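Asks: dropping a prediction and its sequence here:
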There are 2 protein chains.
Amino acid sequence: MDYYSSGISRLIEELGKLPGVGPKSAQRLAFHIINMPEEAVDRLASSITEAKHSVCYCKKCCTLTDQELCPICSSTSRDTSTIMVVENPRDLAAYEKTGRYNGLYHVLHGAISPALGIGPGDIRLKELMQRLQSEPVSELIVATNSSLEGETTAMYISKLVKPTGIRVTRIASGVPVGGDLEYIDEVTLLRALDGRVEL
Amino acid sequence: MDYYSSGISRLIEELGKLPGVGPKSAQRLAFHIINMPEEAVDRLASSITEAKHSVCYCKKCCTLTDQELCPICSSTSRDTSTIMVVENPRDLAAYEKTGRYNGLYHVLHGAISPALGIGPGDIRLKELMQRLQSEPVSELIVATNSSLEGETTAMYISKLVKPTGIRVTRIASGVPVGGDLEYIDEVTLLRALDGRVEL
């Protein structure tokens, strides 16, 4: 690609490494960035480094945040007796957008997948069990995806938690099988929440 | 979006401003970036600022480069008697990729479009006319897109240059009407070059 200057080639190469960005899109994005006003470019670059460097895991729910406790865990208006277990922060955001769930969350950062070699020790399950011992939780809503991995994880959590006497529920199968939680409309998400059943 | 930390929200917002990146893609990209190794994130951010700050216009052909003269204009092995006029650097790259064109280029950075209020003074036409006076050019190949704007620009250039006695040609209409040069396969690009006709 020596028909571009080295700076442009490098930018195209770096952008092309992002998911869903092919060589043509990388080229388009690169030229768009070069034609952006200087301060907009600096804002974009700094937002990238700052997000990366400021982000850490919430000490309680393990979601990504920039403080010791995330805004939800440190809020005083949330119902601390309910914890919803989700696979990742985007799933948390999907339920927050509905505006109808007022409990806490626990972010696993993945799901159990024997095929991919992801076991219970590779996701944030230990942290969840510790919370259940120290927090006044009466219900655990398992809102992992309705994929094979999500269902496996839900069953695993159910077996693990039931002996403690805490009520374990699963969001209803209003969520289409094989679907990815973050792409589902709010009405379906709420229907799934309302129709949750005992595990 | 206060269910994300401010750093993540800002990153999602900045990424969402890029062309072709919707809110969902911005979110996906942001979480991908946060999960990338630290040095990869820094490489991405620095490639953005460096490309923007190092890039300037080639003094001769007006393409984007990081030196006074672009690699093509400063090469001693190119045929300086032929100039191909293209709308943007990506179109230049498209012809360079064919590896069969050995002349010089001139990048207009746009095309004449009365509808969008882009006149001959808004693209690099003055620079082209100055080159034709000072350089030993015998043929000018007009390779603007075969869109309404590209054709308008080609006709305008033809009328402007013909009185100087320089041969003005147009790439053949092997390029599909309404098509965008950078997305066309190399064989079609070459066929269009070989079949170029007198304007």
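Replies: It's in.
Asks: please count neighbours and contacts with C-alpha atoms only from this point.
Replies: Will do.
Asks: so which other helices or strands are in contact with the lengthiest strand in chain A?
Replies: Across chain A, the longest stretch assigned as strand under DSSP state E is strand A:79-86. Packed against strand A:79-86, as judged by 3 or more Cα pairs under 8 Å, 6 or more residues apart in numbering or on different chains; DSSP states H and E, are the following elements: strand A:103-107, strand A:139-142.
Asks: ok, then the element right after the longest one?
Replies: Past strand A:103-107, heading to the C-terminal end, the next element that is a helix or strand (DSSP states H and E) is helix A:125-134.
Asks: what residues sit buried inside that next one?
Replies: Neighbour counts over helix A:125-134 (16 or more other Cα atoms under 10 Å in any protein chain shown) mark A:125, A:127, A:128, A:131, A:132 as buried.
Asks: quick one: residues contacting the fourth one.
Replies: For residue A:131, the contacting residues are residue A:60, by Cα atoms under 8 Å, 6 or more residues apart in numbering or on different chains.
Asks: mind putting the helices and strands packed on strand A:79-86 in CSV, distance to residue A:43 included?
Replies: Shown next, in CSV, are the helices and strands packed on strand A:79-86 (distance: least, Cα to Cα, whole Å):
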stretch, distance to residue A:43
strand A:103-107, 29
strand A:139-142, 38
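Asks: what sits up against the longest helix along chain A?
Replies: Using DSSP state H to assign secondary structure, the helix with the most residues in chain A is helix A:38-54. Identification of contacts with helix A:38-54 by Cα under 8 Å, 6+ apart yields A:33-34, A:66, B:7-8, B:10-11, B:14-15, B:33-34, B:38, B:41-42, B:45-46, B:48-49, B:52.
Asks: from those residues, which would you call buried?
Replies: For the contacts of helix A:38-54, a burial check counting by 16+ other Cα under 10 Å picks out A:33-34, A:66, B:7-8, B:10-11, B:14-15, B:33-34, B:41-42, B:45-46, B:48-49, B:52.
Asks: hmm, back to that, what's the closest of the buried residues of helix A:125-134 to residue A:56?
Replies: Distances from residue A:56 to the buried residues of helix A:125-134, taken as Cα to Cα, are shortest for residue A:127 (15.2 Å).
Asks: in the longest strand of chain A, what's buried?
Replies: For strand A:79-86, the neighbour count (16+ other Cα under 10 Å) marks A:80, A:82, A:83, A:84, A:85, A:86 as buried.
Asks: turn the residues you listed into a markdown table, including pLDDT and distance to residue A:165.
Replies: Putting the buried residues of strand A:79-86 into a markdown table (pLDDT from 0 to 100; distance: Cα to Cα, whole Å) gives the following:
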| residue | pLDDT | distance to residue A:165 |
| --- | --- | --- |
| A:80 | 93 | 17 |
| A:82 | 93 | 14 |
| A:83 | 95 | 15 |
| A:84 | 94 | 17 |
| A:85 | 95 | 17 |
| A:86 | 94 | 21 |
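Asks: make a markdown table out of the residues you listed and add distance to residue B:107.
Replies: Converted to a markdown table, those look like this (distance: Cα to Cα, whole Å):
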| residue | distance to residue B:107 |
| --- | --- |
| A:80 | 62 |
| A:82 | 62 |
| A:83 | 59 |
| A:84 | 57 |
| A:85 | 55 |
| A:86 | 52 |
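Asks: report the buried residues of the helix or strand containing residue A:155.
Replies: Here residue A:155 sits within helix A:148-161, counting by DSSP H and E. Of the residues in helix A:148-161, A:149, A:150, A:151, A:152, A:153, A:154, A:157, A:158, A:161 count as buried by neighbour count, 16+ other Cα under 10 Å.
Asks: got the CA coordinates for the helix or strand following it in CSV?
Replies: Downstream of helix A:148-161, the next assigned helix or strand under DSSP H and E is strand A:167-170. What follows is strand A:167-170, C-alpha atoms only, in CSV (Å, rounded to 0.1, in the frame of the first residue of the first chain):
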residue,chain,number,x,y,z
ARG,A,167,-34.8,-18.1,45.0
VAL,A,168,-33.3,-18.6,41.5
THR,A,169,-35.3,-17.5,38.5
ARG,A,170,-34.7,-17.5,34.7
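Asks: starting at the chain centroid, how far to strand A:167-170?
Replies: 20 Å (Cα atoms, centre = their mean, to the nearest Å).
Asks: so what strands line up beside that strand?
Replies: Paired neighbours of strand A:167-170 in the sheet (DSSP bridges): strand A:139-142 (parallel), strand A:197-198 (antiparallel).
Asks: which strands or helices does the next helix or strand after it pack on?
Replies: Per DSSP H and E, the first helix or strand lying C-terminal to strand A:167-170 is helix A:186-194. In terms of contacts (3+ Cα pairs under 8 Å, 6+ apart), helix A:186-194 is packed against helix A:89-98.
Asks: packing partners for the helix it packs on?
Replies: Looks like helix A:89-98 contacts strand A:103-107, helix A:186-194 (3+ Cα pairs under 8 Å, 6+ apart).
Asks: how close does residue A:56 sit to residue A:6?
Replies: Between residue A:56 and residue A:6 the distance is 34 Å, computed by Cα to Cα, to the nearest Å.
Asks: ok, now residue A:48?
Replies: In this view, residue A:48 and residue A:6 are 22 Å apart by Cα to Cα.
Asks: I figured residue A:92 hits residue A:86, correct?
Replies: Yes - using Cα atoms under 8 Å, residue A:92 is in contact with residue A:86, at 6.4 Å.
Asks: can you check which residues contact both of these two?
Replies: Listed as contacting both residue A:92 and residue A:86 by Cα under 8 Å, 6+ apart are A:105, A:107.
Asks: that older thread, what does the helix holding residue A:155 rub up against?
Replies: In contact with helix A:148-161 (Cα under 8 Å, 6+ apart) are residues A:87, A:111-113, A:129, A:142-145, A:168, A:170, A:178, A:199.
Asks: cool, stretch A:14-30 as well?
Replies: When contacts are defined by Cα under 8 Å, 6+ apart, stretch A:14-30 is touched by residues A:8, A:11, A:12, A:13, B:18, B:19, B:29, B:32, B:43, B:44, B:47, B:90.
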